[in-house]
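Novice: Would you be able to build a 3D model of this:
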Amino acid sequence: MIMQGTIPLLAGAGSPPSAFDADYQAILNVATALGYALPTAGNQTAGNKLVLDLKSCGAWSRLDGLWVYMKAGDNNFALLNWKNPTGVKAIRVVSPTWSAAGYSGTSTSYIDTQIVPGASGNYALNSAHAGFYCASLAAVGTQDVVDAAGSAVRLWWRNSGPGWRFFLNDNTNIVTERVKTDGVNMISRAASNQFVHYANGTVVQTISRNAMAIPTTKLHTSKSANVVGLVYFGSNVSDLEPAYSQCYLDFANAS
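Specialist: Have a look, this model is predicted:
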């Protein structure tokens, strides 16, 4: 008998919705199954919002890799590729340093994502992007922040100059610009003859350089004393700025 004033729960009507987006919940599920420590409740909320924001701005489907080193439960959770948590895991080469702010290392101590950009899905010769978040980017040598050698993906701030050396499916080894900006730095190629450097969603420079070939080596990160909070790559996202970079800034600044 149904009591007056009550609403019955009908069998087969479905379960209450999950607290988190399904793609973010999948990350937590994999981590739990592997015995990794989960982020704090607050950082889980921020992580879930990051996934939702990336979907809302249209970037999630263009990503091939997203490694969130900061605000992780432990140094193992930080190695999960959020775009494919059940797939290959990044590995530590020698002993890069991890903290709640992210990973740092040296030219011989770094993170190997175990993914070759050219074999990853969305990333293409004339449609590509790669970026990272670093709260305080210091001129600390000539090591790469993000790289895949050969005809390369490379975001490299060096103190010899100082200046950026950028590569995006090319290998022209010159100092491209001398503007250093903390936060989100990203390069995106939408054409065969140029790509753009964005800092926190703002165009810093359009770089005229022809695409040559797609990298054939694995993407490495955190090859300097700069503490890298997150790293990502995929197909071109120039049309999504500044909303795209704002997703990462909002996550980094979430309390």
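Novice: any idea how far Ala101 is from Lys71?
Specialist: 9 Å (C-beta to C-beta, to the nearest Å). Quick note: C-beta positions are derived from backbone N, CA and C, even for glycine.
Novice: These two: who's more crowded?
Specialist: Lys71 (23 against 17; other C-beta atoms under 10 Å).
Novice: The more buried one against Asn43, yeah?
Specialist: Yes: if you go by C-beta atoms under 8 Å, Lys71 and Asn43 touch, sitting 4.2 Å apart.
Novice: Where does pLDDT dip in the chain?
Specialist: 1-18, 139-144, 149-153, 155-162, 173-177 (pLDDT under 70).
Novice: Where do the strands of it begin and end?
Specialist: For the chain, the strands defined by DSSP state E cover 63-68, 91-93, 97-99, 102-104, 110-112, 128-134, 146-148, 152-158, 163-170, 183-191, 194-199, 202-208, 220-221, 230-234.
Novice: Now tabulate these in TSV and tack on mean neighbour count.
Specialist: Shown next, in TSV, are the strands of the chain (neighbours: other C-beta atoms under 10 Å):
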stretch	mean neighbour count
strand 63-68	24
strand 91-93	16
strand 97-99	17
strand 102-104	27
strand 110-112	23
strand 128-134	27
strand 146-148	25
strand 152-158	24
strand 163-170	23
strand 183-191	23
strand 194-199	21
strand 202-208	14
strand 220-221	26
strand 230-234	27
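Novice: Would you mind putting those into a markdown table with distance to Cys57 alongside?
Specialist: A markdown table is the format used below for those (distance: least, C-beta to C-beta, whole Å):
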| stretch | distance to Cys57 |
| --- | --- |
| strand 63-68 | 11 |
| strand 91-93 | 30 |
| strand 97-99 | 28 |
| strand 102-104 | 23 |
| strand 110-112 | 26 |
| strand 128-134 | 13 |
| strand 146-148 | 21 |
| strand 152-158 | 21 |
| strand 163-170 | 21 |
| strand 183-191 | 13 |
| strand 194-199 | 14 |
| strand 202-208 | 16 |
| strand 220-221 | 23 |
| strand 230-234 | 13 |
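Novice: and of those, who's closest to Ser120?
Specialist: Using C-beta to C-beta as the measure, strand 63-68 is the one of the strands of the chain that comes nearest Ser120, at 3.8 Å.
Novice: For the closest one, report the contacting residues that lie outside it.
Specialist: 47, 50, 54, 78-84, 90, 111, 113, 115, 117, 120-123, 219, 221, 229-235, 251 (C-beta atoms under 8 Å, 6 or more residues apart in numbering).
Novice: CA atoms of it as CSV?
Specialist: Only the C-alpha atoms of strand 63-68 are listed here, as CSV (Å, rounded to 0.1, in the frame of the first residue of the first chain):
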residue,chain,number,x,y,z
LEU,A,63,42.7,15.2,-26.4
ASP,A,64,44.9,12.1,-26.7
GLY,A,65,46.7,12.4,-23.4
LEU,A,66,46.2,14.3,-20.2
TRP,A,67,48.4,13.7,-17.2
VAL,A,68,47.5,15.5,-14.0
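Novice: tilt between it and strand 128-134?
Specialist: Per axes from the mean of the first three to the mean of the last three C-alpha atoms, to 10 degrees, the angle that strand 63-68 makes with strand 128-134 is 10 degrees.
Novice: next one: strand 63-68 to chain centre, how far?
Specialist: On the basis of C-alpha atoms, centre = their mean, to the nearest Å, strand 63-68 is displaced by 4 Å from the centre of the chain it belongs to.
Novice: any idea how far the nearest residue to Ser95 once chain neighbours are set aside lies from Pro96?
Specialist: Using C-beta to C-beta, 6 or more residues apart in numbering and skipping residues adjacent in sequence, the residue nearest Ser95 is Ser109, 5.6 Å away. In this view, Ser109 and Pro96 are 5 Å apart by C-beta to C-beta.
Novice: Sounds good, over and out.
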